[in-house]
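Novice: just a sequence and a predicted model for now, questions to come.
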Amino acid sequence: MILKAAEMGNITRVAAELGYTQSGISHIISRVEQEFHQIIFARSNEGIIVLPAAVPFLALMRQTVEAEDLLYKTARYDSSDTIRLSVLPTVATAWASQLLVDFSKNFPKFHFEIWEKKGYIDIVNDLKADTSDIGFINDISSQNLLFYPCYEDRYYVVFPREHALASLDEIGIEQIAQGPIILPEEAVQHKYLKNHLLKPDAPADPVFSSRKPIDDWMTLSMVEQGYGISVVPGLYLYRHRYSLHARPLKEGYSRVMGLCTRKEKKNSLEIRTFITFTRKWVKAWEKANPGFSC
């Protein structure tokens, strides 16, 4: 406030810009002058001017403020107001684009570097290497990192059009375990699903190994082409372009999606702001998208 008064040379203008009364600004200046036994300003009808004897005092005050700002930025691990965000393709399609648009409308000073990654391990590695600040992953992959849950993503059974399962509202694991199963990486990472779907006596797919994890979009494409059925999280099905059916998995298995960051980042203003906004945004998105059966 003292530095702003020295810069503007007018107490009335300083009060208007900072939201104080003129008398409040004058009182603060007087207290500082008394505390440091240094008269800073000469007052006149035109405003205020810095006295020559106070110039070194204001220089030290300016250095102190600049050092405090630098210390605060260092403590927050921030120097540019840029958030480096890593996402999977499914999250990018379902959430990221609209989320970032809405976030930027509310917090225009923050900027993003977006990295689309193939799998959780890539996002975790980026976080640990500090080449990314925050990423969307599931709770299973968040070991030794801070995890902020956002969304419980239920699993769905997907199968080709004209399939016999289309008459059912929900589908149990035992109803799909006897046919060719295309397993995306998500299903393999889920320990309960993995135990059910990778039984030793499960029949092998005659075209390719059903025991090898498959890419997100390749999974849905192969189901569409009739190579088998699959079990995928609901986010796979948001705005998908494939001609297939989806029904909730009767057993209710799900993955927990959330934001993850290094423990050292927890006090970053940017990270805390983005996490708080995203968790509220996802809750609103979930309310608007209660299910994915098709």
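Specialist: It's in.

Novice: what's the average pLDDT for stretch 109-119?
Specialist: Confidence over stretch 109-119 (mean pLDDT, whole number) is 88.

Novice: what are the contacting residues of that stretch?
Specialist: Stretch 109-119 is contacted by residues 80-89, 92, 96, 100, 103-104, 123, 126, 132, 135, 185, 215, 270, 273-274 when judged by C-beta atoms under 8 Å, 6 or more residues apart in numbering. Bear in mind the C-beta positions are built from the backbone N, C-alpha and C, glycine included.

Novice: same thing but at 7 Å, please
Specialist: For stretch 109-119, the external contacting residues (C-beta atoms under 7 Å, 6 or more residues apart in numbering) are 81-89, 92, 100, 123, 126, 132, 185, 270.

Novice: of those, grab the buried ones for ChimeraX.
Specialist: Command for ChimeraX that selects the buried part of these, burial taken from 16 or more other C-beta atoms under 10 Å:
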select :83,84,85,86,87,88,89,92,100,123,126,132,185,270
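
Novice: just the contacts of stretch 109-119 now: which is nearest residue 256?
Specialist: Ranked by distance to residue 256 (C-beta to C-beta), the contacts of stretch 109-119 are led by residue 88 at 14.3 Å.

Novice: does that closest one touch residue 138 like I think?
Specialist: No. The pair residue 88 / residue 138 is not scored as a contact, 9.6 Å apart, by C-beta atoms under 7 Å.

Novice: returning to that earlier point: now, the contacts of stretch 109-119 that are in strands?
Specialist: Mapping the contacts of stretch 109-119 onto strands (DSSP state E) picks out 82-87.

Novice: with respect to pLDDT, which of the contacts of stretch 109-119 ranks lowest?
Specialist: Within these, pLDDT is lowest for residue 185, at 68.

Novice: do you know how far the nearest residue to residue 96 once chain neighbours are set aside is from residue 284?
Specialist: Leaving aside its sequence neighbours, residue 96 sits nearest to residue 87 (C-beta to C-beta, 6 or more residues apart in numbering; 5.1 Å). Per C-beta to C-beta, to the nearest Å, residue 87 is found 19 Å from residue 284.

Novice: same thing with residue 60?
Specialist: Here the criterion is C-beta to C-beta. By it, residue 60 lies 49 Å from residue 284.

Novice: again, but for residue 249
Specialist: 25 Å.

Novice: higher neighbour count, those two?
Specialist: residue 249 (20 against 10; other C-beta atoms under 10 Å).

Novice: who does that one bridge with?
Specialist: For residue 249, the beta-bridge partners are residue 171 (DSSP bridges).

Novice: next up, the contacts around it.
Specialist: Neighbour list for residue 249: 155-157, 171, 231 [criterion: C-beta under 7 Å, 6+ apart].

Novice: wait, what's in contact with the residue nearest to residue 96?
Specialist: Residues counted as contacts of residue 87 (C-beta under 7 Å, 6+ apart) are 96, 114, 116, 135-136.

Novice: I figured residue 159 hits residue 245, correct?
Specialist: Yes. Taking C-beta under 7 Å as the definition, residue 159 is a contact partner of residue 245 at 5.4 Å.

Novice: which residues of the stretch 51-200 of the chain score low on pLDDT?
Specialist: Filtered on pLDDT under 70, the stretch 51-200 of the chain yields the residue ranges 68-80, 177-179, 185-200.

Novice: quick one, helices of it?
Specialist: All helices of the stretch 51-200 of the chain, identified by DSSP state H, counting those that start in this stretch, fall at 55-75, 89-91, 97-106, 120-128, 173-176, 185-189, 191-197.
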